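Asker: Pasting the sequence and the predicted coordinates here, then a few questions.
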Amino acid sequence: MRKIIIIFTTFFYTGYFPKGSGTVATAAFVPFYFLFFKAMNPWLYASITIALYFLGVWASNYAAVIFKDEDPSQVVIDEVVGFLITMFMIPFTWKRLIVGFFVARILDIIKPFPAYQSQALRGGNGIMADDAISGFQGLALMWILIYFKAI
């Protein structure tokens, strides 16, 4: 079970990248998004994203113990979920995929209110919540950019 938790929370070991592990994990997830999520039924997409979020909370609790850290840098499943939220129901174009990647990463790094504050939650909730909140902020920003025909 320990190995499965590590593979899942580190998104196939991309969390071990020494610098920018969240960005590396998100970049590694982009092909999965392209192949499986970009044209997925919205109900299925939302269901998988919600399931990954709650599975991420559960697994991150164990990962924090495994890595002996409250918010281990190796845990990057939160970045994957944040990206999925940012891209939810965004009509696919290559430009939107690239912009969505950068929007998700920048918002995760700067953590605008209340994302930063959510890190105070205990365990897996704190690990996952800030990225989910940043993901919703990213989703709003993506739709604003689409509305103003910027992307």
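Answerer: Perfect, thanks for sending it. Source: prediction; values computed, not measured. Residues are numbered from 1 along each chain as shown.
Asker: Contacts only, for the nearest residue to Y33 once chain neighbours are set aside.
Answerer: Computed as CB to CB, 6 or more residues apart in numbering, the closest residue to Y33 that is not its neighbour in sequence is M87, at 6.6 Å. From N, CA and C alone the C-beta is placed, and that goes for glycine too. Applying CB atoms under 8 Å, 6 or more residues apart in numbering, one finds that M87 lies in contact with 33, 37-38, 97, 100, 104, 139, 142.
Asker: Now the buried members of these.
Answerer: Buried by 16 or more other CB atoms under 10 Å: 33, 37, 97, 100, 104, 139, 142, out of the contacts of M87.
Asker: and of those residues, the nearest to D71?
Answerer: Taking CB to CB as the measure, D71 lies nearest A104 of those, at 18.2 Å.
Asker: what pLDDT does that closest one get?
Answerer: At A104, the predicted lDDT confidence score is 98.
Asker: Next: M128.
Answerer: Reported pLDDT for M128: 98.
Asker: gap between it and Q119?
Answerer: 10 Å (CB to CB, to the nearest Å).
Asker: Would you mind giving the buried ones among the contacts of M87 as TSV with distance to A115 and secondary structure added?
Answerer: Shown next, in TSV, are these (distance: CB to CB, whole Å; DSSP: H, G, I helix; E, B strand; the rest coil):
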residue	distance to A115	secondary structure
Y33	21	helix
F37	22	helix
L97	22	helix
G100	17	helix
A104	12	helix
L139	13	helix
M142	16	helix
